[in-house]
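[1] prediction below, plus the sequence it came from.
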Amino acid sequence: MKLSCRVNAKTEVLEVDALTPLIEVLRERLALIGAHQGCTGDNCGACTVLVNDVPVYACQVPACQVQGADVRTVEGLTSDPERLAPCRKRLPRPGPPPAASARQECS
Ligand code: FES
């Protein structure tokens, strides 16, 4: 089938088998390797992407189900600072590891 969808705000048109898992299309055809195949299916969530702003396991979604859809991967989030900001705020601030901090306080 000819798959046409938007991936990270870019229109993509690809010839794919209708049942090819979305994770395979993203990783092998579009070189978007941020989503991973972390299990044999439906267990780990490492393949999670947004399809029309709904999180889905890309290993469980056949290509035919994203025809005309808006797909966003983690790579797409990095190009949109507003969407990534809440995630960045929750990350720990860079600094020495706790063991190094404890050593500084003891000396
Ligand atoms: S690869 Fe584990 S849920 Fe999709």
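    Right, received. Where do you want to start?
[2] in this structure Gly34 contacts Arg72, no?
    No - under the criterion of C-beta atoms under 8 Å, Gly34 makes no contact with Arg72, lying 10.4 Å away. Bear in mind the C-beta positions are built from the backbone N, C-alpha and C, glycine included.
[3] so which of the two has more stuff around it?
    Neighbour totals were compared for Gly34 and Arg72, and Arg72 leads with 21 against 16 (other C-beta atoms under 10 Å).
[4] who's in contact with the more buried one?
    7-9, 49-50, 53 (C-beta atoms under 8 Å, 6 or more residues apart in numbering).
[5] do Val13 as well
    Applying C-beta under 8 Å, 6+ apart, the residues contacting Val13 are 2-4.
[6] which residues of this structure fall in strands?
    Taking DSSP state E, the strands of the chain run over residues 2-7, 10-15, 48-51, 54-57, 70-72.
[7] show me which residues of the chain sit near the ligand.
    When proximity is defined as C-beta under 6 Å from any ligand atom, the chain approaches the ligand at 37-39, 41-47, 57, 59.
[8] at 5 Å instead, please
    The chain comes close to the ligand at residues 37-39, 44, 47, 57, 59, as judged by C-beta under 5 Å from any ligand atom.
[9] can you turn the buried part of those into a PyMOL selection?
    In PyMOL syntax, the buried subset of the residues of the chain next to the ligand is picked out as below (16 or more other C-beta atoms under 10 Å):
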select buried, resi 47+57+59
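[10] got a markdown table for the residues of the chain next to the ligand, with pLDDT too?
    Below are the residues of the chain next to the ligand laid out as a markdown table (pLDDT from 0 to 100):
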| residue | pLDDT |
| --- | --- |
| Gln37 | 94 |
| Gly38 | 93 |
| Cys39 | 94 |
| Cys44 | 95 |
| Cys47 | 96 |
| Tyr57 | 96 |
| Cys59 | 96 |
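[11] picking up where we left off before, quick one: buried ones out of the contacts of Val13?
    Buried subset of these (neighbour count, 16+ other C-beta under 10 Å): Leu3.
[12] of all the contacts of Val13, which comes closest to the ligand?
    Closest approach between those and the ligand, by C-beta to the nearest ligand atom: Leu3, at 19.4 Å.
[13] thanks again, I'm all set now.
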